[in-house]
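Chemist: coords below, sequence missing:
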């Protein structure tokens, strides 16, 4: 299907609309302020002097990308909500970019101000990664405002990159250590129509793994991309590469490359994905590990990797009208991505664990065992995730609809209006709280409504046929009503997932739930939930979502001085309160657990 | 009770007798050979020259202690089994010690040969630790052979230490960074009758935590010992210190200090001990963490810490005739200590995890997540555990009996003879395979037989009264028969142990069982054992112990491309084979699991 851009889609109300508004009104400014505090904005003055300037504000190799993602997010906001103050901030940055871009087109703060001799000397130095994010920002800004200056700068930079990497091959490496520029160049091609950018993207993708470069598996350079079959290495790098590959396959019609993408997507989603949609099982290399290795407490599940899974899945929808890609987008958005943002919109998780035991957060004199942080923070030294949230939320509309011929695909359920390519559509729903979606469309012969894989029972007030997870309905212009069974349910992991053995988690619709210590006291492992639990739903004003109250058992501690016993612990009847996973850690320090002990009998 | 030394006790047959013989015939030589290969024996020539000698054989600061523990073990063997070749090896080492001991009495290879200026300059440098082990070896050798030369050297060294630390206080620190000398000095006092050694021990114990020295918690220097209430820091250091404290309290009659020891023992055994008796929850600092934090896969549970728990518990029996101390000795000996030695007697575990998942033993380009080793090795760079096994096994007789007035205490069940202080005793049993123990004693009015805490049902062919876990019987000189119910049983951890939640393990008598992949295939978490399982016992010739075959369920993996499901995994009926935990990793690389998924219903 052809994806319909957020520029033709407007969210009108509901939970995701509220998040979008939170980003517009709070988060975009909060991230800018932290980027100002930390010197990231000032860095664009190219004025840092070693030994003179504040060393805390010394530019870092990936700062350009942090600010670029913020600019991209701000531009997406401008596209729908003209905001002069915000536009002025971008203009000021663009002016500095214009002023300080090198004559030859090169643009990178660190490698101009701090280490000019290091230009394109180190594959791990993120220059092409930064370039890619700047290109994405430039496209977004040109699209939102019609102002070409930023894009002109980036076209000039792209031409320079073309010269260095494709023509002269004078760089110290042939492909980027951190992928990103591939998908950015394809966006450049799509926006400008200039095929040279597609050729560059194809070069960077196809050259990968064909020569020995550093850190093979870590950045997916262990094999030519056509030969890759497993999601490996740094999860964000993987997602950005695979997204670029899927976009390239779409543009070139390369069926073999699409098949590779499909294999990699299946390996990611069916063998290496947390129930929250989080990716990356270890902090070591922020990376994938082996199939079914999904430890909960030491999960990495970086917010950026979750956003990367959305990008990759979205790119896959262009190849195959299969609801599973939109299922994955829904799963990670409502769980492993939104968990990255605090309810007040000002603080962030970089990693999104599925379990926190504060009793294990001890220190030893020889250092910490690596454990998750328990509270979101305003900024990180490597602060990639906050501006990635900034750019995701205003463009959420891009994930809602697709079109293939005369069929309109409804992929995500959000109150919204669509007006594109002679098609209009109005969607009304309080999803994911409410279970009913009303869709009225014109200009489409058929409407294909995604039936989420999590939903085992649904009704539609029309005849329909099922196709690849979509209910396909002949459109008569009248409102279609789809109702999903959203009874809270227990969910189980494949028995090969060691860390979820004998456990279960609870979901309602697309929302994964968790228990927090603040509601349930310490040691959440003592609660035992039956497979056939019955949950009472209670609307929570703070979260804007339902919480769950579930009758269950709690294991009673042994007598003093009895650590092990031949008798199982006694239990008491109690009720556990579960909250949406992505809302955890918003009410102070607390233990947290997604995979609860299950009574499978 | 007064402990009865192994010099009065002879093991005559059975499982532990076989281990003792294995050590005498194989392990003592194997460790010597590895210590020869690695330069540890040659180091006693004091001939290493920087830039000339093989740098791989450069003496290390703790090598003296490695060899000293080997000498102590060899001496214990000599005590019962005169072996000229073995005695000659020790004599050769003693001769070198005599030759190279400094004029002033100081003896340390590293700080004489490599870094003379470093003498007593660094608290973390293990000099007093090495000294303590040399003293223990010297006592053992004098006791076994009547030869005084080694002990004379160590008395001279002790006097020098007294001068430097107690009189002149000229060392750079006041108490050792690694405890050991405290208990060794009390042994020196007991063997020589010279009170100055007791005074030195008391000094080192009481001075601890009274001045700021390095690494507070790590080596239990965070508080004066009288104020300590929790087992913290490096587990071996803790056990050696607590043992010294308990011995000091015995010698001085310090009731308050005994109460401290009791508190520390209870914190260790009832809140920080693996079901195997292993101590130390993290490799970071080889240390205790917080109460009930007992991760299985990353357990440290160092073999030396297990032996340390035996020493500490034994010292506690001198204060309180309570079977729980002997219970702890039995638990750790049969599980977390014997696991440190391969069945062939030549290879060792330093750490003794309770879970191995080889699918998690992946590597990333940025290094390994820290995971247990899966096979025993012949020698470690820090090879403290192998000679600790060498010295434990020949002295096992010391753990069997105690005497208090006219009561003979039978603490451990091993076929053996006792002849001490006008008492004789013969014990006949095939324990821990057989469940029956026959005891015939003379010279004791009462016989107190430990009824293990694991045993819920037993018979004795006499009248008895229970006292602190002992069945106390009037001795009529006829054979007493005690029979324990050894039906394999499921065992549960206190619900506060997060990592054992919803799990169970299986024990038979004192033996903890585990599942290995070699018997049961991959992913041992897929097996589910009912609380009321029934195990078939099958004698295994290789192990010399029973294995268990238990009907249970195995969870079946989901369909391809279904990682999460609203339906619990289906199960199939199967039989799991369990082997004694301490025998794991003797048949090649394999997954291993102690705490299996439990069906508690």
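Modeler: Noted; the coordinates are in hand. On a predicted model such as this, the values are computed, not experimentally measured, just so you know.
Chemist: tell me, how many neighbours does the residue of the stretch 101-250 of chain A found nearest chain B end up with?
Modeler: Closest approach of the stretch 101-250 of chain A to chain B (Cβ to the nearest Cβ) occurs at residue A:218, with a separation of 4.0 Å. For every residue, glycine as well, the C-beta is placed using N, CA and C. A total of 22 residues lie near residue A:218 under the criterion other Cβ atoms under 10 Å in any protein chain shown.
Chemist: helix, strand or coil for it?
Modeler: Here residue A:218 is recorded as helix under DSSP: H, G, I helix; E, B strand; the rest coil.
Chemist: that one touches residue A:287, doesn't it?
Modeler: Yes: using Cβ atoms under 8 Å, residue A:218 is in contact with residue A:287, at 6.9 Å.
Chemist: low-confidence ranges in chain A?
Modeler: Applying pLDDT under 70 to chain A flags residues A:215, A:361-370.
Chemist: now the closest residue to chain B within it: closest residue in space, sequence neighbours ignored.
Modeler: In chain A, the residue that lies nearest chain B is residue A:601 (3.3 Å; Cβ to the nearest Cβ). Leaving aside its chain neighbours, residue A:601 sits nearest to residue B:601 (3.3 Å; criterion: Cβ to Cβ, 6 or more residues apart in numbering or on different chains).
Chemist: OK, contacts around that neighbour?
Modeler: A:599, A:600, A:601, B:530, B:531 (Cβ atoms under 8 Å, 6 or more residues apart in numbering or on different chains).
Chemist: what of residue A:536?
Modeler: With contacts defined as Cβ under 8 Å, 6+ apart, the neighbours of residue A:536 are A:548, A:549, A:550.
Chemist: are any of these buried, and which?
Modeler: Those of the contacts of residue A:536 that meet the buried threshold are A:548, A:550, by 16 or more other Cβ atoms under 10 Å in any protein chain shown.
Chemist: which positions in stretch A:13-28 come out as buried?
Modeler: By neighbour count with 16+ other Cβ under 10 Å, stretch A:13-28 contains the buried residues A:14, A:15, A:16, A:17, A:19, A:20, A:21, A:22, A:23, A:24, A:27, A:28.
Chemist: show the subsequent helix or strand relative to the helix or strand containing residue A:528.
Modeler: In the assignment (DSSP states H and E), residue A:528 maps to strand A:527-530. Along the chain past strand A:527-530, the next helix or strand (assigned with DSSP H and E) turns out to be strand A:536-540.
Chemist: and the residue lying closest to residue A:592 once chain neighbours are set aside, what are its phi and psi?
Modeler: Of all residues beyond its chain neighbours, the one nearest residue A:592 is residue A:356 (4.3 Å), with distances taken as Cβ to Cβ, 6+ apart. When read as degrees, to the nearest 10, the backbone of residue A:356 gives phi -130, psi 120.
Chemist: give me the contact list for stretch A:38-46.
Modeler: Under Cβ under 8 Å, 6+ apart, the answer for stretch A:38-46 is A:32, A:35-36, A:48, A:54, A:56-59, A:63, A:66-67, A:93, A:96-97, A:100, A:109, A:112-113, A:379, A:383.
Chemist: just the helices in the stretch 1-150 of chain A please.
Modeler: A:15-22, A:28-37, A:63-80, A:84-100, A:127-145, A:149-161 (DSSP state H, counting those that start in this stretch).
Chemist: list the buried ones in the second one?
Modeler: Within helix A:28-37, the residues that qualify as buried by neighbour count (16+ other Cβ under 10 Å) are A:28, A:29, A:30, A:31, A:32, A:34, A:35.
Chemist: who's in contact with the first one?
Modeler: Same thing as residue A:28. Residue A:28 is in contact with A:70, A:73, A:74, A:77, A:86, A:390, counting by Cβ under 8 Å, 6+ apart.
Chemist: tell me which element the closest residue to the first one other than its chain neighbours falls in.
Modeler: In other words, residue A:70. Leaving out its chain neighbours, the residue that sits closest to residue A:70 by Cβ to Cβ, 6+ apart is residue A:387, at 4.1 Å. Assigning secondary structure by DSSP H and E places residue A:387 in helix A:385-392.
Chemist: so how far is that helix from its chain's centroid?
Modeler: Distance of helix A:385-392 from the chain centroid (Cα atoms, centre = their mean, to the nearest Å) equals 9 Å.
Chemist: which strands and helices sit next to it?
Modeler: In terms of contacts (3 or more Cβ pairs under 8 Å, 6 or more residues apart in numbering or on different chains; DSSP states H and E), helix A:385-392 is packed against helix A:28-37, helix A:63-80, helix A:303-317.
Chemist: which phi and psi does residue A:257 have?
Modeler: According to degrees, to the nearest 10, residue A:257 has phi -70, psi -40.
Chemist: is it in contact with residue A:225, as I believe?
Modeler: Yes: taking contacts as Cβ under 8 Å, residue A:257 lies within contact range of residue A:225: 7.4 Å.
Chemist: how about the helices in the stretch 151-300 of chain A?
Modeler: Ranges of helices within the stretch 151-300 of chain A are A:181-192, A:195-207, A:235-252, A:255-271, based on DSSP H, counting those that start in this stretch.
Chemist: for those helices, which one sits closest to residue A:445?
Modeler: helix A:235-252 (23.8 Å; Cβ to Cβ).
Chemist: tell me the angle the closest one makes with helix A:181-192.
Modeler: For helix A:235-252 against helix A:181-192, the angle by axes from the mean of the first three to the mean of the last three Cα atoms, to 10 degrees is 40 degrees.
Chemist: helix A:235-252 - contacts with which helices or strands?
Modeler: Here helix A:235-252 touches helix A:181-192, helix A:195-207, helix A:255-271, helix A:303-317, going by 3+ Cβ pairs under 8 Å, 6+ apart.
Chemist: go with 10 Å
Modeler: Here helix A:235-252 touches helix A:127-145, helix A:181-192, helix A:195-207, helix A:255-271, helix A:303-317, going by 3 or more Cβ pairs under 10 Å, 6 or more residues apart in numbering or on different chains; DSSP states H and E.
Chemist: export those helices as TSV, with columns for distance to chain B and mean neighbour count.
Modeler: Output for the helices and strands packed on helix A:235-252, formatted as TSV (distance: least, Cβ to the nearest Cβ, whole Å; neighbours: other Cβ atoms under 10 Å in any protein chain shown):
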stretch	distance to chain B	mean neighbour count
helix A:127-145	18	26
helix A:181-192	21	24
helix A:195-207	20	19
helix A:255-271	5	19
helix A:303-317	13	27
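Chemist: how close does the closest residue to residue A:414 other than its chain neighbours get to residue B:259?
Modeler: Among residues not flanking residue A:414 along the chain, residue A:16 sits closest, at 5.0 Å (Cβ to Cβ, 6+ apart). Applying Cβ to Cβ, to the nearest Å, the value for residue A:16 to residue B:259 is 62 Å.
Chemist: do residue A:337 as well
Modeler: For residue A:337, the distance to residue B:259 equals 55 Å [Cβ to Cβ].
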